[in-house]
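Chemist: fold the following and give me the result.
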Amino acid sequence: MLLRNVRPPGSRQLQDLLVSGGGVAAIRPAGQLSGAEAQESCDAEGRTVLPGLWDHHVHFTQWVIQQQRLDLSGADSADETLRLVASAAAQLSASQRLTGFGFRDGLWHQPPTLAALDAATGEVPTVLVSADLHCMWINSAAQRQFGAATDATGLLRETESFAVLQRLDAAAELTTADYRRAADVAAARGVVGVVDFENDDNTALWPQRVAAGVDALRVEVSTWPDTLERVIDRGLKTGDGLDSQGLITMGPLKVIVDGSLNTRTAWCWDPYPGLAADHPHRCGVEAVPIEELTRLLQRANGAGIGAAVHAIGDRANTEVIDTFAALGMTGRVEHAQLLRVEDVARFAPLGLEASVQPEHAMDDRDVADAYWPGRTDRAFALRSLHESGARLRLGSDAPVSALDPWAQIAAAVTRSRDGRAPWHPEQSIDVATALRASTRAGLDLREGGPADLILVDADPLTATGEQLRSMEVAATMLAGRFTHWKL
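Modeler: All right, here's what the predicted structure looks like:
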């Protein structure tokens, strides 16, 4: 394939690219490749060419399932959520189940109650999953079904919530077509690869999906503590290929050390406002004891498996960074949402990557102002991390935010959405930095590299924030074949 008249970002110089054998065989000024070497030719008409984009943090099955669940993301109160749920429940019988997704109760004036949810849903088993995936609002009928028990709020948090969520996911009827459709939608936004942190048997399931035709993405798969020994017994190491097409590779061990901001379980040095001094989770939750984290990381590291550790609160980040330092190992801190100033500078010397989700800052800005007062200047501190030398990786945490790297790039650059004033604009990063953090190959394609590339209608380096967020992707190529085409 000869791609003619492409334009590198920030350049007015047109080029031709020869793609062969899944790689970039040649890059020359426009007109200097004859086309005799190519079986096909395509005129890009001056569009900007970039390396394909990666989403460095997704829960892919959760993203697929979300499309089948009642959307609660637009509800901004308990009453509005209950109206949506009551309307949906009225269409179901007690032998069916209602599952919703996307509520954010952090700023609700009226707190969730079990009584209110029961009144809205009756005997229809109902499970409402929060947008951050760290809690659920579950009615009495569903509690009986799952053998769960809540207090008067009807909320399950963290470990108890995850246990019910796993059973919900296992009962979902997902098809290969569902996965293929989600992968194709991602490819249409310029995505060539994802890091999948779904808590499942990813090393077995993803090769099966590829063999069945879900082949529009590269996938780096994770393992979790409960599957770590199984992966080690198979002799798998981070970076190992897992399928015949070369699309699936072994990734890191994922460990969750604390909760989330909206659920008020992120582990912080300072207490959450309004909680009593004797509240058991006044400063959040230590979801995995640091002694257990140390054991898990030692075990993984000794077996050649990297580590990606979820840490949102500043106490969690301190403890995780301390653990990596004590073990003398590198890895990734997932989220790194709230950081002490002194901890920002520790990432680069320790070789730690900051895997961040800029769109979460747009979702959480008001919640952060409410629950992290006086500390938000060091929340989602992208520029501070970048200027300290830390390597950034951008992701969506889909379905917490959409699997769309352009939304993450726009949020990182503008710190704004929906016309609102920028939130802590001093922590914004430039477009080039955001793009590099959203790829595996920087900004430049190179001869001999993989032909994972995209063509976009506008040069991102000169685009406005809104243009970035709505960037038109004309084509996406993975290993030399088009996975998306609009030319």
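Chemist: low-confidence stretches in the stretch 351-487 of the chain?
Modeler: For the stretch 351-487 of the chain, no stretch is flagged by pLDDT under 70.
Chemist: how about the strands in it?
Modeler: 352-356, 391-394, 453-456, 473-478, 481-485 (DSSP state E, counting those that start in this stretch).
Chemist: contacting residues around the longest one?
Modeler: Right, strand 473-478. 19, 44, 47, 52, 187-192, 216-218, 451-457, 482-487 (Cβ atoms under 8 Å, 6 or more residues apart in numbering). For every residue, glycine as well, the C-beta is placed using N, CA and C.
Chemist: tell me the buried residues within those.
Modeler: 19, 44, 47, 52, 187-192, 216-218, 451-456, 483-484 (16 or more other Cβ atoms under 10 Å).
Chemist: just the element for residue 99, please.
Modeler: strand 98-103 (DSSP states H and E).
Chemist: again but with residue 269, I slipped
Modeler: Using DSSP H and E, no helix or strand contains residue 269.
Chemist: how close does it get to residue 339?
Modeler: Residue 269 sits 11 Å away from residue 339, going by Cβ to Cβ, to the nearest Å.
Chemist: residue 266 too?
Modeler: From residue 266 to residue 339 the distance is 12 Å (Cβ to Cβ).
Chemist: count of neighbours near the nearest residue to residue 459 once chain neighbours are set aside?
Modeler: Leaving aside its chain neighbours, residue 459 sits nearest to residue 48 (4.8 Å; criterion: Cβ to Cβ, 6 or more residues apart in numbering). Per other Cβ atoms under 10 Å, the neighbour tally for residue 48 reads 23.
Chemist: now do residue 322
Modeler: There are 14 residues near residue 322, going by other Cβ under 10 Å.
Chemist: flag every buried residue along stretch 64-75.
Modeler: 64-66, 69-70, 72, 75.
Chemist: what average pLDDT does it get?
Modeler: What stretch 64-75 shows for mean pLDDT is 95.
Chemist: then stretch 177-192?
Modeler: On average, the pLDDT along stretch 177-192 is 98.
Chemist: got a list of contacts for it?
Modeler: Stretch 177-192 is contacted by residues 50, 52-55, 60, 63-64, 67, 194, 209, 213-218, 403-406, 452, 454, 456, 471, 473, 476-478, 483-484 when judged by Cβ under 8 Å, 6+ apart.
Chemist: please repeat the previous calculation with a cut-off of 6 Å.
Modeler: The contact list for stretch 177-192 (Cβ atoms under 6 Å, 6 or more residues apart in numbering) reads 52-53, 55, 64, 209, 213-214, 216-217, 403-404, 452, 454, 473, 476, 478, 483-484.
Chemist: again with stretch 1-18
Modeler: So stretch 1-18 is contacted by 19, 25-28, 30, 33, 35, 37-38, 40-46, 48-49, 443, 459, 461 (Cβ under 6 Å, 6+ apart).
Chemist: tell me the domain boundaries of the chain?
Modeler: In terms of domains, the chain is parsed into 53-61+177-442, 70-171 (source: automatic domain parsing).
Chemist: now for the helix or strand in which residue 128 is found, which elements pack on it?
Modeler: In the assignment (DSSP H and E), residue 128 maps to strand 126-130. Helices and strands touching strand 126-130, by 3 or more Cβ pairs under 6 Å, 6 or more residues apart in numbering; DSSP states H and E, are strand 98-103, strand 135-138.
Chemist: ok, residues contacting that strand?
Modeler: By Cβ under 6 Å, 6+ apart, the surrounding residues in contact with strand 126-130 are 98-101, 103, 136-139, 142.
Chemist: what comes up buried for stretch 191-206?
Modeler: By neighbour count on 16+ other Cβ under 10 Å, the buried set for stretch 191-206 is 191-200, 202-203, 205-206.
Chemist: again with stretch 9-21
Modeler: Residues 9, 14-19 are the ones in stretch 9-21 that count as buried (16+ other Cβ under 10 Å).
Chemist: closest one to residue 355 out of those residues, please.
Modeler: Nearest to residue 355 among the buried residues of stretch 9-21 is residue 9, at 23.5 Å by Cβ to Cβ.
Chemist: so where does that closest one fall, helix or strand?
Modeler: Counting by DSSP H and E, residue 9 is found in no helix or strand.
Chemist: quick revisit: with the buried residues of stretch 9-21 in mind, which one is nearest to residue 410?
Modeler: For the buried residues of stretch 9-21, the closest approach to residue 410 (Cβ to Cβ) belongs to residue 9, at 15.8 Å.
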